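> model this:
(chains A and B)
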2 protein chains.
Amino acid sequence: MTSTPLPSWQDGPARNAILDFLRRISSPDSPDFVPPAERIATFDNDGTLWLEKPHITELVFIHDLFRHDEIQPLLHTAGLRQRIEHWWDSFYDEVIEDCHLLLKEFRQGISTRDYHQWVSDWLQKARHPRFDKAYTDLTYTPMREVLALFQAHEFRTYLVSGGSCYFIRPWCEKAYGIPPEQVIGSTLLTRLNEKAHGLEVEMTPIPTYFDNGPGKVLAIESQIARQPIAAFGNSSGDIPMLRWAGMAPVSLCMLVHHTDEAREYRYSPGEDTLQAASAHQWQVIDMQNDWLRIFD
Amino acid sequence: MTSTPLPSWQDGPARNAILDFLRRISSPDSPDFVPPAERIATFDNDGTLWLEKPHITELVFIHDLFRHDEIQPLLHTAGLRQRIEHWWDSFYDEVIEDCHLLLKEFRQGISTRDYHQWVSDWLQKARHPRFDKAYTDLTYTPMREVLALFQAHEFRTYLVSGGSCYFIRPWCEKAYGIPPEQVIGSTLLTRLNEKAHGLEVEMTPIPTYFDNGPGKVLAIESQIARQPIAAFGNSSGDIPMLRWAGMAPVSLCMLVHHTDEAREYRYSPGEDTLQAASAHQWQVIDMQNDWLRIFD
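Numbers count the residues shown, from 1 in each chain, chains lettered A, B, ... in the order given. Sure thing, here's the model as predicted:
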């Protein structure tokens, strides 16, 4: 007896689209067969694999870190603390701008190793304000089933996030089965330092790459150098990535639509994203109807 | 009956170092056991996996491409052609400088897809001036045996080259069993263009990353985000990468030393590299004595 695939998915068009696609590309006698080496699937993270409301988790992390007593001596911008307190009331663009400012203050002189540890420590303690759970327990169960099913079909599953890779890599392998080398994210310029114990990679406050919008395609081309045949996203920042995957001869492009205010949140991906989904015939995942449960 | 591992290697310290290392990290009852997920090995390309004399192959490619009639209309710098003709007589630094100039002229407006095709086409036709063979037939047989043996021991083998990833990716999977996503190299800024047939990634003449020296460690940290436990190089540009791998609790760091003017070339990796090898106890591969044969 084999277990039913995708048990958290309602039997319907979204689930069928996934199962049909996997059957078509993996059956050796299928005209659409794709060799395992070319099976690349890319996944946005915030809002696609885990929740992004009321705030993007990485911003909550940076916010908390700045208020931490140990961090205070590392800061030197007057008024920075007030700006942080003001964060949650401000518009998204302003938050992003502040975030750049924070990065500039904060990541100066921090080794990638230390940052990794801070992220891990924070995730142990932090709780989501509404669900009162660890953020890593707020990944979407149905999407973890998709990841596992793709991996079982010999896909290399890549996480392609506007967030920084430094924030995602410490926990993504355990949460998603995605190893750190398959995480593509926004990056900062780093430098190599000679320390007493040997070499150390240090983050500088200079952003090198914003992995969003067209940047997602460029990062995929630069780091994977193969066209994905499947892509999952939930916002306008994912449109180019979904279009890029959709150019493959056989492809699956899916958009997570947040329609469930009772169990998660209800918000629109934006008119441009819905229009693109319609124009390119992407499969929309209606969270309320397509997912039998959302979290474990 | 099992076949002898590394058949092109002389029974001696270099071969033994490789076999001992693989036994130590892969035997489940070994105190030095490393889980497969953490088995990362990085390899320099030019002079480590294939020959780099009398000229680095990518420079020969660019040189030939510039003389190609079809390419001429794409060029617009007066005197560029003469500079190219002058190349082979000039010093290495000057060649690199010219190479940057060429990149600037040439890669403007070229799609990564077209460039891939040009590289593939060139490799079909080009012959090495001394050995009269295709360049892809001048990879080192003993090193391909090492790659295959590492891969059989569940290593992810990464190519980390000062050359551009655009030049290496079209042929590395066939030559080395290294898929394009495991090639890290120097990069140019790219942009996403809207064309009649859909999206296209275009190379711009702005270098974003020179993957050499400390840059090799930073690229490894940025793209693999795990410390390699084995590294192979042949020049001063590989010193930081070899040191980085050498900081792992159990590691294998090897330096290919070109000592065989009869079968390949004889040249020094430089005094700093030999000193680093001695100081850090890297295993030096003496091409003349350690390799029973060099090419297939």
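> any weak-confidence spans in the stretch 151-296 of chain A?
Per-residue confidence for the stretch 151-296 of chain A (pLDDT under 70) gives these ranges: A:205.
> Show me which residues of it sit near chain B.
Listed as neighbours of chain B in the stretch 151-296 of chain A under the rule CB under 8 Å from any CB of the partner chain: A:156, A:165, A:169, A:173, A:179-181, A:183, A:187, A:190-192, A:198-199, A:201, A:208, A:214, A:217-218, A:221-226, A:240, A:243-244, A:247. For the C-beta atoms, the positions are set from N, CA and C on the backbone; glycine is no exception.
> mind running it again at 6 Å?
Counting by CB under 6 Å from any CB of the partner chain, the residues of the stretch 151-296 of chain A lying close to chain B are A:169, A:180-181, A:190, A:192, A:198-199, A:201, A:214, A:217-218, A:221-222, A:224-225, A:243-244, A:247.
> Can you pick out the ones from those residues that are in strands?
Where those overlap with strands, as defined by DSSP state E, the overlap consists of A:Thr190, A:Leu192, A:Gly198, A:Leu199, A:Val201.
> Can you tell me the number of residues neighbouring the last one?
Spelled out, it's A:Val201. 20 (other CB atoms under 10 Å in any protein chain shown).
> now the fourth one
By the other CB under 10 Å criterion, the neighbourhood of A:Leu199 contains 16 residues.
> before we move on, back to that, drop anything exposed from the residues of the stretch 151-296 of chain A next to chain B.
Of the members of those, the ones counted as buried by neighbours, 16 or more other CB atoms under 10 Å in any protein chain shown, are A:169, A:180-181, A:190, A:192, A:199, A:201, A:214, A:217-218, A:221-222, A:224-225, A:243-244, A:247.
> Which members of the ones in strands among the residues of the stretch 151-296 of chain A next to chain B are the farthest-apart pair?
When those are compared pair by pair using CB to CB, the farthest-apart members prove to be A:Thr190 and A:Gly198, with a separation of 15.8 Å.
> got the contact list for the helix or strand where A:Pro142 lies?
Here A:Pro142 is covered by helix A:141-152, with elements defined by DSSP states H and E. Contact partners of helix A:141-152, identified using CB atoms under 6 Å, 6 or more residues apart in numbering or on different chains, comprise A:Pro5, A:Leu6, A:Ser8, A:Trp9, A:Ala41, A:Leu49, A:Thr157, A:Tyr176, A:Gly177, A:Trp291, A:Arg293, A:Asp296.
> Kindly recompute the last result at 8 Å.
Among residues not part of helix A:141-152, those counted as contacts by CB atoms under 8 Å, 6 or more residues apart in numbering or on different chains are A:5-9, A:18, A:22, A:39, A:41, A:43, A:48-49, A:157, A:175-178, A:230, A:232, A:256, A:290-296.
> Domain-wise, how is chain A divided?
When chain A is parsed with automatic domain parsing, its domains come out as A:13-53+A:139-199+A:209-290, A:57-125.
> Point out the most buried one among the ones you listed.
With neighbours taken as mean count of other CB atoms under 10 Å in any protein chain shown, the domains of chain A reach their highest mean count in domain A:13-53+A:139-199+A:209-290, at a mean of 19.
> And the residue nearest the centre of chain A, its phi and psi?
With distances taken as CA atoms, centre = their mean, the residue of chain A nearest its centroid is A:Asn45 (1.6 Å). Dihedral angles phi and psi of A:Asn45 (degrees, to the nearest 10) take the values phi -100, psi -70.
> ok, A:Gln223 - contacts?
Counting by CB under 8 Å, 6+ apart, A:Gln223 makes contact with A:Ile184, B:Glu181, B:Gln223.
> Now do the contacts for A:Asp290.
Residues touching A:Asp290, when contacts are defined by CB under 8 Å, 6+ apart, comprise A:Trp9, A:Gln10, A:Gly12, A:Ala14, A:Arg15, A:Pro142.
> how close does it sit to A:Val256?
Remark: distance between A:Asp290 and A:Val256 (CB to CB, to the nearest Å) = 9 Å.
> Ok, A:Glu181 next?
Using CB to CB, one obtains 25 Å as the distance from A:Glu181 to A:Val256.
> repeat for A:Leu49
9 Å.
> which residues of the stretch 1-150 of chain A fall in helices?
When assigned using DSSP state H, counting those that start in this stretch, the helices of the stretch 1-150 of chain A occupy the ranges A:13-26, A:57-67, A:80-86, A:92-106, A:112-125, A:141-152.
> Give me the contacts around the fifth one.
Pointing back at helix A:112-125 there. Here helix A:112-125 has contacts from A:61, A:64-65, A:107, A:134-136, A:166-167, A:169-171, A:190, A:200-203, B:221, using CB under 8 Å, 6+ apart.
> at 10 Å instead, please
When contacts are taken as CB atoms under 10 Å, 6 or more residues apart in numbering or on different chains, the neighbours of helix A:112-125 outside the stretch itself are A:57-58, A:60-62, A:64-65, A:68, A:70-71, A:106-107, A:110-111, A:134-137, A:164-171, A:175, A:180, A:188, A:190, A:200-203, B:218, B:221-222, B:225, B:227.
> where do the contact lists of A:Leu49 and A:Val256 overlap?
A:Phe43, A:Tyr140, A:Met143, A:Phe232, A:Asn234.
> For the closest residue to the first one other than its chain neighbours, pull up the helix or strand it's in.
Yep, that's A:Phe43 we're talking about. Spatially, and ignoring its direct neighbours in sequence, A:Phe43 is nearest to A:Phe232 (4.8 Å; CB to CB, 6 or more residues apart in numbering or on different chains). Applying DSSP H and E as the criterion places A:Phe232 in strand A:230-233.
> What pairs with that strand, parallel or antiparallel?
Strand A:230-233 has the following strand partners under DSSP bridges: strand A:40-43 (parallel), strand A:252-259 (parallel).
> Which pLDDT value does the model give A:Asp98?
Here the pLDDT value assigned to A:Asp98 is 59.
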